[in-house]
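Asks: The following comprises the amino acid sequence and a computationally predicted model.
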2 protein chains.
Amino acid sequence: MTETPIRNMEEFARLSGISRPTVSKFFNDPDSVRRSTREKIEAALEKYDYRPNIYAINQNRKLTKNVGIVVPYLADPFFAEIARYIEQACIAAGYRPTLFSAHGDPALEIEIMDNLRALKPAGVLMAPLGRASDKSAIEAFCRNVPTVLFDSNIEGMGEAFVGSDNASFVTETVEYLTRSAEPPCFFEMKHPANPNANKRRAAYLAMAEKLGFAPQVIQIEGTGWGFEEIGRQGGLKLLEENALPSPVILCSNDRLAIGLLSACYERGIRVGREPECALRVASHDDHPFSRFTCPSLTTAAHDYAAVSDTAVESLFRLVEGGGKLKERSETLFRARLIMRNSA
Amino acid sequence: MTETPIRNMEEFARLSGISRPTVSKFFNDPDSVRRSTREKIEAALEKYDYRPNIYAINQNRKLTKNVGIVVPYLADPFFAEIARYIEQACIAAGYRPTLFSAHGDPALEIEIMDNLRALKPAGVLMAPLGRASDKSAIEAFCRNVPTVLFDSNIEGMGEAFVGSDNASFVTETVEYLTRSAEPPCFFEMKHPANPNANKRRAAYLAMAEKLGFAPQVIQIEGTGWGFEEIGRQGGLKLLEENALPSPVILCSNDRLAIGLLSACYERGIRVGREPECALRVASHDDHPFSRFTCPSLTTAAHDYAAVSDTAVESLFRLVEGGGKLKERSETLFRARLIMRNSA
DNA sequence: TGAAATTCTTTACGCGCGTAAAAATACTGC
DNA sequence: GCAGTATTTTTACGCGCGTAAAGAATTTCA
């Protein structure tokens, strides 16, 4: 690795003894050149440390190798984790992922799409904010940029959706709670940020019907993405008013449950499976922190890896197919029950 | 907003009735053209929706408007939060931030620096992994790219460092614990990932000397960035062996404390200020989840906003000064004690 | 109103690379 | 050693924009 700063491909080509167009061909696909030339170039690469100018490349290719990853709220470790999986899958496929977070703000989500358009990405993997998203902005974006939605579905938008089967989450937990204790009530936000919440409520109601118990839905106030605080405040209020219809509570998601558990703790109410416990709490998502709550949280887990891998695969099929699929597909992965101590 | 896709600046210039070089000038600084021409261009902008090709721009400018933000571990909401602050500050200053996470992996950190070099950013804000970082790689990087380190300092690298005054964190907590209860022992990882941990230990030892108590440092096993799990395992082991030298525990950071609290809960050991509690636990960082632990965590808070704003300011001063400062500066912000229920 | 100072237009080149076409060269199997 | 094929070289253009220089137009202000 000599300390010779190389200006451009022309210069590098000369130093490696290969013509520039061939070197260009090499960088687009090392296997597209003869073995002997590839080796010459690779030898020069060892020696001189050169990388093609990414801006010149992207300007001239019709399609960049960029992939946008958009999540609604990166301060939620769930999204940080899934973004990590997706990032790795993109890199492995030879693409350059760039991560964006809307930070819970619809205006920022629109701005991200604007910036993304300028990046001319080969494709975008997007978990939209959901209820707060500007649907028409997303629709317009998806018409221009090959997009696969994940985690949170918006009917008809994007070329595909990959996420978790919300119904299966609720089926698992309700079934388990009913079997091991008694039918749960359902604890959720009155105006959930995310459409998954609605599917979960619907699944809860369906399970009540199927198992023959009277459903009890508790809808707490609060807006935004500070779910823990919302769950906590809602929990404190319920406990204060003694308004819990059942000692078994199923939270719509783990972050609400984390807040609820902290409220219970503060009020001195024990949660868990033991006889001396007044409440049982279960939830959905298998949030990275759910194993460290007090008590540890019984929950239904996403298949992070399957969702990420499938979303990325779908995107690359889409990209290689020219950006359009014959038909919008929806892929859902089932939940896995994680039994811990809270229920 | 007519549906006329505009190909390039030439075309847009013609449609707006202004010459291309002037339009170019406008996009570089709207105030550099006469008011009347600016208004013409802005009117055309309303009508035709055009944005200069970012790749062509970056290819031709010596300096891009890109800013890299590198954090060691994005699944830690602390870094997600600070990244959010920094992002906003960059956007406000007219730059284009891009977020990268090393995900706790030194190899990835190096790869990020490689990619960052290709992006030719105006500057980089970097919170290095710390102990695991390849120091020489970072040093080489900092020589080529104007870099401001934040959160985690590496002696002499980057043009400036902005972070928190670790000593003040420990001073605050030790002082408080000693005053309200008794001198704490110090709970940390034997091989901490981050150099801040060493500063905190040193400050603890100094405080012990100053206040005249015998320091007790507990160093638990475990490597990597899964601090909660490490804290939990360490806590379980300590409790099992009854090896706690003091009923007052000061954790090096909140994530360890979260793990420790979960261990205590699991073992039925009450933590808090009330007389019936066997332990008190305090910590440092004011992690976003620390208010939802059971009990809520008494901790010392970073001044997120000050750290982010100052880091960004430093970077822009650096960039505008041509990428070099006369002298490497270190700016530290004091901690603020957050009293909650755990101690 | 006129001259000086601004600002704009015109023209032209360069950035680093993708890519096409034709010619030259290197391999392959027989 | 040959024809036939695969690969490389040579040459050349284009991508969209930054930017420099010279002259034309506009504004400013005495």
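Replies: Now that the structure is in, tell me what you want to look at.

Asks: Which residue lies closest in space to A:L74, excluding its sequence neighbours?
Replies: Nearest non-adjacent residue to A:L74, counting by C-beta to C-beta, 6 or more residues apart in numbering or on different chains: A:S101, 3.5 Å away. Yep, even glycine has a C-beta here, placed from its N, CA and C like the rest.

Asks: can I assume that neighbour is in contact with A:I69?
Replies: No. Using C-beta atoms under 8 Å, A:S101 is not in contact with A:I69, being 9.4 Å away.

Asks: and A:V319, that's in a strand?
Replies: No. Under DSSP: H, G, I helix; E, B strand; the rest coil, A:V319 falls outside any strand and is assigned helix.

Asks: Kindly indicate whether A:F100 is helix, strand or coil.
Replies: Recorded secondary structure, A:F100: strand (three-state DSSP).

Asks: err, A:V281, not the other one
Replies: Under three-state DSSP, A:V281 falls in the strand class.

Asks: which parts of chain A sit against DNA strand D?
Replies: Counting by C-beta under 7 Å from any atom of the strand, chain A comes close to DNA strand D at A:17-22, A:25, A:32-34, A:37-38, A:56, A:59-60.

Asks: Sketch out the low-pLDDT regions of the stretch 201-343 of chain A for me.
Replies: Applying pLDDT under 70 to the stretch 201-343 of chain A flags no residue at all.

Asks: For DNA strand D, what is the nearest residue in it?
Replies: A:G323 (17.7 Å; C-beta to the nearest atom of the strand).

Asks: which residues touch that residue?
Replies: A:123, A:146, A:159 (C-beta atoms under 8 Å, 6 or more residues apart in numbering or on different chains).

Asks: So which of the residues you listed wins on neighbours?
Replies: A:G123 (26 neighbours; other C-beta atoms under 10 Å in any protein chain shown).

Asks: wait, that residue sits on A:L149?
Replies: No. Using C-beta under 8 Å, A:G123 makes no contact with A:L149, being 11.7 Å away.

Asks: What segments of the stretch 151-300 of chain A are strands?
Replies: A:160-164, A:185-189, A:217-220, A:248-251, A:280-285, A:298-301 (DSSP state E, counting those that start in this stretch).

Asks: closest one to DNA strand C among those?
Replies: For those, proximity to DNA strand C was assessed by C-beta to the nearest atom of the strand; strand A:160-164 is nearest, at 26.1 Å.

Asks: now for that closest one, which elements pack on it?
Replies: If you count contacts as 3 or more C-beta pairs under 8 Å, 6 or more residues apart in numbering or on different chains; DSSP states H and E, strand A:160-164 packs onto strand A:147-150, helix A:304-320, strand A:329-333.

Asks: Can you show me the CA trace of the first one as PDB?
Replies: It stands for strand A:147-150. What follows is strand A:147-150, C-alpha atoms only, in PDB (Å, rounded to 0.1, in the frame of the first residue of the first chain):
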ATOM      1  CA  THR A 147     -40.500   0.200  -2.400                       C
ATOM      2  CA  VAL A 148     -41.100  -2.700  -0.100                       C
ATOM      3  CA  LEU A 149     -43.000  -1.900   3.100                       C
ATOM      4  CA  PHE A 150     -42.200  -3.800   6.300                       C
END
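
Asks: So what touches that strand?
Replies: With C-beta under 8 Å, 6+ apart as the contact definition, strand A:147-150 has outside contacts at A:82, A:123-128, A:141, A:157-163, A:307-308, A:311, A:314-315, A:318.

Asks: And for the longest one?
Replies: Taking C-beta under 8 Å, 6+ apart as the criterion, the residues outside helix A:304-320 that touch it are A:63, A:67, A:81-82, A:85-86, A:89-90, A:93, A:122-125, A:146, A:148, A:150-151, A:159-160, A:162-164, A:324-325, A:329, A:331, A:333.

Asks: before we move on, what about stretch A:5-16?
Replies: Contacts of stretch A:5-16 (C-beta under 8 Å, 6+ apart): A:19-20, A:22-24, A:27, A:40-41, A:43-45, A:47-50, A:52-53.

Asks: give me that answer again for 6 Å
Replies: A:20, A:23, A:40-41, A:44, A:48, A:50, A:52 (C-beta atoms under 6 Å, 6 or more residues apart in numbering or on different chains).

Asks: Show me which pair in those residues is furthest apart.
Replies: Greatest spatial distance among the contacts of stretch A:5-16 (C-beta to C-beta): A:K40 and A:P52, at 16.8 Å.

Asks: Show me the shaky parts of the stretch 1-150 of chain A.
Replies: Along the stretch 1-150 of chain A, segments meeting pLDDT under 70 span A:1-3.

Asks: so where do the strands sit in it?
Replies: For the stretch 1-150 of chain A, the strands defined by DSSP E, counting those that start in this stretch occupy A:66-71, A:96-101, A:123-126, A:147-150.

Asks: Which residue, other than its chain neighbours, is closest to the residue of chain A most remote from its centre?
Replies: Relative to the centre of chain A, the most outlying C-alpha is that of A:G17, 46.6 Å out, by C-alpha atoms, centre = their mean. Nearest residue to A:G17, sequence neighbours excluded (C-beta to C-beta, 6+ apart): A:K40, at 6.0 Å.

Asks: And the pLDDT at the residue nearest to A:I218 when sequence neighbours are not counted?
Replies: Nearest residue to A:I218, sequence neighbours excluded (C-beta to C-beta, 6+ apart): A:F187, at 5.0 Å. As predicted, A:F187 sits at a pLDDT of 98.

Asks: Show me what from the stretch 151-300 of chain A comes close to chain B.
Replies: Contacts of the stretch 151-300 of chain A with chain B, taken as C-beta under 6 Å from any C-beta of the partner chain, map to A:228, A:258, A:262, A:265, A:292, A:294.

Asks: Next, count neighbours for the second one.
Replies: To tie it back to what came earlier, the one meant is A:I258. Number of residues near A:I258 (other C-beta under 10 Å) recorded here: 29.

Asks: Check whether the residue of the stretch 201-343 of chain A closest to DNA strand D sits in a helix, strand or coil.
Replies: Here A:G323 is recorded as coil under three-state DSSP.

Asks: That one and A:N144, how far apart?
Replies: Applying C-beta to C-beta, to the nearest Å, the value for A:G323 to A:N144 is 9 Å.

Asks: list the contacts for A:C142?
Replies: A:C142 makes contact with A:157-158, according to C-beta under 6 Å, 6+ apart.

Asks: I meant to write A:R51 there.
Replies: Under the criterion of C-beta under 6 Å, 6+ apart, the neighbours of A:R51 are B:A118.

Asks: before we move on, the earlier item: can you turn the buried part of the contacts of stretch A:5-16 into a PyMOL selection?
Replies: Here is the PyMOL selection string for the buried members of those, based on 16 or more other C-beta atoms under 10 Å in any protein chain shown:
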select buried, chain A and resi 23+40+41+44+48+50+52
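
Asks: Alright, that wraps it up for me.
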